[in-house]
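Q: one predicted model, sequence on top.
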Amino acid sequence: MDGQLLSAIEGQIDQLARDYAAVPGLILTEDDLKCLLHSRLSGMSDLSGDFETRDPGIRATRVHSEVSWFDAQGKLTIKPDLTVLDPANLRILEGDSRGARLPSKCFEFSGDAVVLELKFIRHKAGVTEHLFRTQILRDWEKVQRLFARLDSQGPPDSMFCFFVIFNKGTATCREFEQFLSANASSFRHKVMYRSGGVFPGGPAAAPAPSRPNRLPASSR
């Protein structure tokens with residue numbers, strides 16, 4: 001896995017967190033968070049543009065949303081919010097030089113990839129015990145199922161996951177704080193919790209503020 005690329009992606013997430021802290025109306029929904037990160041990642045020098053795929057004459061981009069992954073049982077049950085893949089390992093046409101058929105999702109890819117699982121907490125209560133157990137842990141278990149598939153069918157280090165949680169306020173529960181401490185990072189994942197600081201009530205978790213770029217009038 002390209003460590004420089006991972007650092008650059010982490011930097012984009014941190015910059016978005018700073019922009020959100022400065023402009024709280026920047027992100028209203030989880031889809032806003034996903035769209036903004038998709039746009040920013042797609043604009044990175046290493047990820048922008050289009051590239052040749054395994055299909056002759058077919059080109060593709062690197063950043064995609066809602067890409068289905070196979071679980072350990074070979075079923076397409078895992079769908080991270082964003083996937084960064086290498087188009088050189090992507091096939092979208094039925095029947096390659098070996099006559100291989102595409103899976104039901106109508107494309108296939110291999111090689112190294114980066115996935116981003118996103119969660120946006122917009123309520124004043126913040127990360128409550130109920131929300132943590134029913135939403136954050138559910139998404140974390142999805143990531144664990146993806147890791148289990150890689151462990152069984154390998155290689156286990158071919159994918160890296162950024163588990164990203166943006167909280168509109170600052171309130172969190174004890175269970176969530178324990179989760180952050182126990183699952184901060186590993187060789188194949190990093191949990192990134194950031195707060196917009198709109199509502200008081202708990203420890204903020206945002207990078208040191210920087211002067212944000214002024215948004216164009218059409219974006220307001």
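A: Sure, I can see it. Residues are numbered from 1 along each chain as shown.

Q: quick check on the residue positioned nearest the centre of the chain: phi, psi?
A: The C-alpha lying nearest the average C-alpha coordinate of the chain belongs to Leu116 (CA atoms, centre = their mean; 1.3 Å). In terms of degrees, to the nearest 10, the main-chain angles of Leu116 are phi -130, psi 120.

Q: ignoring the adjacent residues along the chain, who's closest to it?
A: Once flanking residues are discounted, Leu116 sits nearest to Leu82: 4.1 Å by CB to CB, 6 or more residues apart in numbering. For every residue, glycine as well, the C-beta is placed using N, CA and C.

Q: show me what that neighbour is bridged to.
A: Counting by DSSP bridges, Leu82 is bridged to Ser65, Leu116.

Q: strand partners of the helix or strand bottoming out on mean pLDDT in the chain, parallel vs antiparallel please.
A: Of all helical and strand segments in the chain, the minimum by mean pLDDT, DSSP states H and E falls on strand 108-109, at a mean of 84. Sheet pairing of strand 108-109 (DSSP bridges) gives strand 90-91 (antiparallel).

Q: residues touching the closest residue in space to Ala8 that isn't next to it in sequence, list them.
A: Of all residues not flanking Ala8 in the chain, Met44 sits nearest, at 5.9 Å (CB to CB, 6+ apart). Shown in contact with Met44 (CB atoms under 8 Å, 6 or more residues apart in numbering): Ala8, Ile9, Gln12.

Q: what about the second one, distance to Arg62?
A: If I follow you right, that is Ile9. 11 Å (CB to CB, to the nearest Å).

Q: joint contacts of these two?
A: Common neighbours of Ile9 and Arg62 (CB under 8 Å, 6+ apart) are Val84.

Q: neighbour count for the two, which is higher?
A: Ile9 (25 against 21; other CB atoms under 10 Å).

Q: confirm that that one sits in a strand.
A: No - under DSSP: H, G, I helix; E, B strand; the rest coil, Ile9 sits outside any strand and is assigned helix.

Q: and for Ser158, the neighbour number?
A: 14.

Q: excluding its backbone neighbours, what's nearest it?
A: Asp112 (5.3 Å).

Q: now do the contacts for the one you found.
A: Met1, Asp2, Asp86, Ser158, Met159.
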